[in-house]
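> coordinates for the following, if possible.
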Amino acid sequence: MSFSEKDQPALADAPMLARQQTITATGSLDDIGGPPQTPTRVTTCVTLHEDIETKIRLEKAATILAKNQRLSKVAALDVETTRLDPQVPEGKRVLVKELDTFIELPESSTFASSLYRGIASDGEIDSFLGSADVYSMEQGRWAPSLPASHKDLKEERMYEPLIKLLNEIFQRFWNDTNSREAVDTHSTRLPHKEFVDTNNYSRPDITVKVQGPSFQLPPKKTIGYSNMVTCFEVKVTNQGSSLVHELLQLAGYARQIFIQQPNRRFVRALIITEQNFRLFHFHRSGVQYTQAIDIHEKSGAHTFVRLVLGLSSREEPDAGLDKSIQWEVENGKKVGGHLTTRGGDGKEVKYRLAEVDPVGSSYKIRDRGVICWRVIDPTTGDIFLVKETWRAENRLSEDFYHEKAMGVAGVVQMVSYEYNRGETKQFRGFDGSPPPEFHNRIAGRVVLDTDGKSIKHFKSPKELVCALRDAIAGHQTLASKDALHGRITLDNIVLGKPDAPPGYRGLLMGLDMAIVNEMDASNLSAEPMAPTEMYQSITETRRAHGLLNWMPQGYLDDLESFVYVLTRIMYGYDHTGTEYALFEMVQQWGLQQGRAEADSKADYLRADWVERESQVEKRWPPSCTDLLLEFKKFICKMNQEKMRIANKRPKEMKKAWRALTAELPTQYQIVLDLFDTAIRKIDGPNDQIPPSPGSDDLQSSSPTNDYEASSPFMISNTHTSSPFANQQSPLFQPRPEDMNFLKRVPMGPPDDQPGAKRGHVTPTPPSRTRTPRSTLLRSPELPLMHLAARRTKSSQSRTLDRDSKDLSVLSPK
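Numbers count the residues shown, from 1 in each chain. Below you'll find the model as predicted:
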């Protein structure tokens, strides 16, 4: 599973102060359910660190927030980490933790009735109700479509008449049941897709099967999560099913829709009974649902028809899909595609997808929802990485930090950006102000001049050491510009382009979680960054788990993370880039939490040797092992200094911290000298390169063996303790009571993205222009790609009791 960024307060005025910008009115939902217009962003080129007034105000705001800051906590899973295949109840607990807060709309809410008003008029719906053999005007009910309620009514009695009704609606209003068709899937296994191999599946009761440029057939099946537009879950009132149980069912289905339809912005689905229905809306801010709506009463029948048409709409944005990403589909399979955005000059640019699938995905609903695509520039043939995120409202957007990094060697350069592609609050339908439990998120997109190829794809010791060296130098420059990266991981360091000059052989990326950092004790992280456990510094680990009361997060924490990146590589690969089973000590950093992890890392830094069992000395030349030992030694010394400061009296702490950080240039130079020395040794005659490995020692590169959150966009902790892992392990022995949830299948945390009610998302023009530096030797006229085999009553919130073992008691009253 993944580690999530917490929805916590950030510098409230930071975006405004960081830029002198004007944002037009964000728009409102029109009377036909149209989309809010993307705000226009006008930016003047004012750099934060040169704006004295802004700097003073930011310092003041950070000081105030630091006094009241909640500790940064890594949101690790509440699952047993020693079990390979947690059973169904653990999957439910993960879903509960993922969603955290359910927002229930009041009875007075017009959210459901206001949606899709333009898709069918009242007159057209009245005509349908009066003429179709599905609704009785005399009885004022869907008859014979829905059976009457009685104590012996079974859910199975609902499937056939309800599917007939849904297809009648499609036929009457669209004269079409080819591109949209309601299908009975209550006994059909729809396969799951996870960040680890899985045989899991689930079975929504009714699925709307579709065709179109955002959909494709699932492998070896005619229907699955990759070619459904929505789903409906059927219940009968005499079952006494809890609302939370129903919500978690839909959340599991919605999560798979997001994973298998990567251009999804939101998912809407219905729970339908013989008496009423509820609308559930999932996106990156979580989930909300309506009160039960009478399905038979005339106004409720009107709303039901519009929701069926809207949730299944032939206009993809109505259903929550982003039309700026579209595919060519042949024989039901995606074979190529395009992504449309704004270029550096503000004009529309259509990039061809280098791969039909994203190179990085999010596997959660309520988080940043990072999705990354490799694209081909239509003019130069350059490979770029397009990164899409949903940032917390008060967090500075990633393009701000890339503007600070313009021209900085060792940092990925930005080609263009879209600052605001929509906000989750625009699509929630709150009457008045959102409840305090709701945390708004803003969609953004940056185009980066890199193919996103992680440093783990190195092919020689020199390539690795040079890449890390240049990335650390880039980090130093960012730190001197008052920007703290804060999330150094294996995949946030990418290889430079072939034959890149010194300074560009390795590049930092992943600035979406960076913070403004004045290297001052008063300026703690305003919004905790929740770095991945494996790479988290010792002091940050202690502070996150309440073991350390005071210590500002700073560049020294990031430098320590670089040590763990080098460790992860040398303990999991050999000098040729061949992967091995990861050494157990390093594995445990991805599984342990709190004191155990901090103590393990402290012992590791103090050791002036490499563990014999790790085989590091057999797989790496002396230049690299010497580098690792010296780097560890330096970081150990810095940790000792930090702990001495943390144990001083409060009045002395600030002075001591400033004295330590004043040595920033010297500290970085020491580290860079270590890398330069290693490079000279590699080039020298006495660095003995170990022989290439035998095949018996190699490990499969299956992601199930990777114990870290693998990238800036794959925000997941991919260890095998996931409740969504393979069920075929001999340790997996499901109990009868576990087989009822989601029709005998373990489910996972939802994955969701917001979007508009209707219409297209309009890209927002950027503020800077940039010319690509390199050109690939390929024609911009490219053939279609073919996939490889593998590759008030006011709004009410329901905050769940995560410790409760009986989810039925969590049902809202």
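
> any stretches of the stretch 451-600 of the chain with poor pLDDT?
517-532, 549-550 (pLDDT under 70).

> how does it look with 80?
Low-confidence segments of the stretch 451-600 of the chain (pLDDT under 80): 517-533, 544-552, 590-593.

> ok, which stretches of it are strands?
483-484, 493-495, 506-508, 515-516 (DSSP state E, counting those that start in this stretch).

> can you give me the strands in the stretch 151-300 of the chain?
Along the stretch 151-300 of the chain, counting by DSSP E, counting those that start in this stretch, strands occupy 180-184, 190-191, 201-202, 206-210, 228-234, 267-272, 276-283, 286-289, 293-294.

> make JSON lines from those strands and add mean neighbour count and mean pLDDT to it.
Any C-beta I mention is one placed from the backbone N, CA and C, and that applies to glycine too. Shown next, in JSON lines, are those (neighbours: other CB atoms under 10 Å; pLDDT from 0 to 100):
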{"stretch": "strand 180-184", "mean neighbour count": "20", "mean pLDDT": "95"}
{"stretch": "strand 190-191", "mean neighbour count": "20", "mean pLDDT": "94"}
{"stretch": "strand 201-202", "mean neighbour count": "22", "mean pLDDT": "91"}
{"stretch": "strand 206-210", "mean neighbour count": "23", "mean pLDDT": "96"}
{"stretch": "strand 228-234", "mean neighbour count": "25", "mean pLDDT": "97"}
{"stretch": "strand 267-272", "mean neighbour count": "25", "mean pLDDT": "97"}
{"stretch": "strand 276-283", "mean neighbour count": "24", "mean pLDDT": "96"}
{"stretch": "strand 286-289", "mean neighbour count": "26", "mean pLDDT": "94"}
{"stretch": "strand 293-294", "mean neighbour count": "18", "mean pLDDT": "96"}
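
> coming back round to it: adding distance to Ser242 and mean neighbour count, write the strands of the stretch 451-600 of the chain out as CSV.
Formatted as CSV, those follow (distance: least, CB to CB, whole Å; neighbours: other CB atoms under 10 Å):
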stretch, distance to Ser242, mean neighbour count
strand 483-484, 44, 26
strand 493-495, 46, 26
strand 506-508, 47, 27
strand 515-516, 41, 26
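
> how about Ile569, what does it touch?
455-456, 458, 464, 490 (CB atoms under 8 Å, 6 or more residues apart in numbering).

> most neighbours out of the residues you listed, which is it?
Using other CB atoms under 10 Å as the neighbour test, the contacts of Ile569 are led by Leu464, with 27 neighbours.

> find the nearest non-adjacent residue to that one, please.
Leaving out its chain neighbours, the residue that sits closest to Leu464 by CB to CB, 6 or more residues apart in numbering is Phe458, at 4.1 Å.

> just checking, that neighbour touches Cys466?
No. Contact between Phe458 and Cys466 fails when scored by CB atoms under 8 Å: they sit 9.3 Å apart.

> any residues in contact with both of the two?
Common neighbours of Phe458 and Cys466 (CB under 8 Å, 6+ apart) do not exist.

> quick one, what contacts the residue nearest to Leu464?
Going by CB under 8 Å, 6+ apart, Phe458 touches 464, 467, 495, 569, 573, 577.

> redo these as JSON lines? Include distance to Met551.
Below are those laid out as JSON lines (distance: CB to CB, whole Å):
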{"residue": "Leu464", "distance to Met551": "31"}
{"residue": "Ala467", "distance to Met551": "30"}
{"residue": "Leu495", "distance to Met551": "33"}
{"residue": "Ile569", "distance to Met551": "27"}
{"residue": "Tyr573", "distance to Met551": "32"}
{"residue": "Gly577", "distance to Met551": "36"}
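
> which of those lies closest to Pro685?
Closest approach to Pro685 among the contacts of Phe458 (CB to CB): Leu464, at 20.2 Å.

> appreciated, that's everything.
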